[in-house]
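Participant: 3D, please:
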Amino acid sequence: MASVARTDITSRDDIALLVDTFYDRIRQDELLGPIFDDVAHVDWSAHLPKMYDFWESVLFGAAAFKGNPLAVHRALASLTPLTSREFYRWVSLFHQTVDDLFDGPMAAIAKDRAARIAVTMHSHVATSAVFDGAAKFPHIEDDEKRRVV
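Facilitator: Next up, the predicted model:
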């Protein structure tokens with residue numbers, strides 16, 4: 001079987017493919033799936049379009065996203081422990097999904113931004129010790145103690 005050449009992330013359609021694939025994996029994950037489905041009770045028909053907007057803003061600078069992810073994650077952390085383990089898994093699944101689907105400079109930027117987001121979220125909401133994203137994801141640059149997204 002011939003392998004399909006991976007291209008870079010260049011459009012909202014690419015972002016939708018990334019987000020849909022990533023959250024399919026999240027929902028099937030034994031650690032993260034229950035947090036999203038059983039604790040947060042995510043309405044996927046509403047959540048996925050918000051994530052398309054979020055990642056379009058993060059990667060392409062589009063002013064599409066409206067929301068406060070930090071407040072949402074703080075509320076979630078009041079319902080269930082969010083530790084380094086959950087953040088590592090989230091980043092690992094995101095990186096794996098990007099690597100499975102895309103290749104190129106924007107794909108690398110997406111992985112870097114995801115790791116930075118995880119570090120920032122962890123520092124504000126986690127119920128565990130310091131999350132050093134660089135320990136597991138060494139491509140994160142040392143800027144302001146790895147707490148800048």
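Participant: quick check, pLDDT for residue 5.
Facilitator: In this prediction, residue 5 carries a pLDDT score of 83.
Participant: just give me the neighbour total for it.
Facilitator: By other Cβ atoms under 10 Å, 6 other residues sit near residue 5. No exception for glycine: its C-beta is placed from N, CA and C like everyone else's.
Participant: is it in a helix, a strand, or coil?
Facilitator: Three-state assignment for residue 5 (DSSP: H, G, I helix; E, B strand; the rest coil): coil.
Participant: and it, backbone torsions?
Facilitator: phi -70, psi 130 (degrees, to the nearest 10).
Participant: all helices for this protein, in order.
Facilitator: Secondary structure of the chain by DSSP state H: the helices cover 12-28, 33-34, 44-60, 69-77, 84-101, 105-125, 133-136.
Participant: so which of these is nearest residue 6?
Facilitator: The closest of the helices of the chain to residue 6 is helix 84-101. By Cβ to Cβ, the value is 6.5 Å.
Participant: circling back: between the helices of the chain, which gets nearest to residue 4?
Facilitator: Per Cβ to Cβ, nearest to residue 4 of the helices of the chain: helix 84-101, 9.6 Å.
Participant: the inter-axis angle of the closest one versus helix 69-77?
Facilitator: 130 degrees (axes from the mean of the first three to the mean of the last three Cα atoms, to 10 degrees).
Participant: quick one: mean pLDDT for helix 84-101?
Facilitator: Mean pLDDT, computed over helix 84-101, is 94.
Participant: pretty sure residue 17 contacts residue 98?
Facilitator: No: using Cβ atoms under 8 Å, residue 17 makes no contact with residue 98, being 10.7 Å away.
Participant: who has more neighbours, these two?
Facilitator: Remark: of residue 17 and residue 98, residue 98 carries more neighbours, 22 against 15, as counted by other Cβ under 10 Å.
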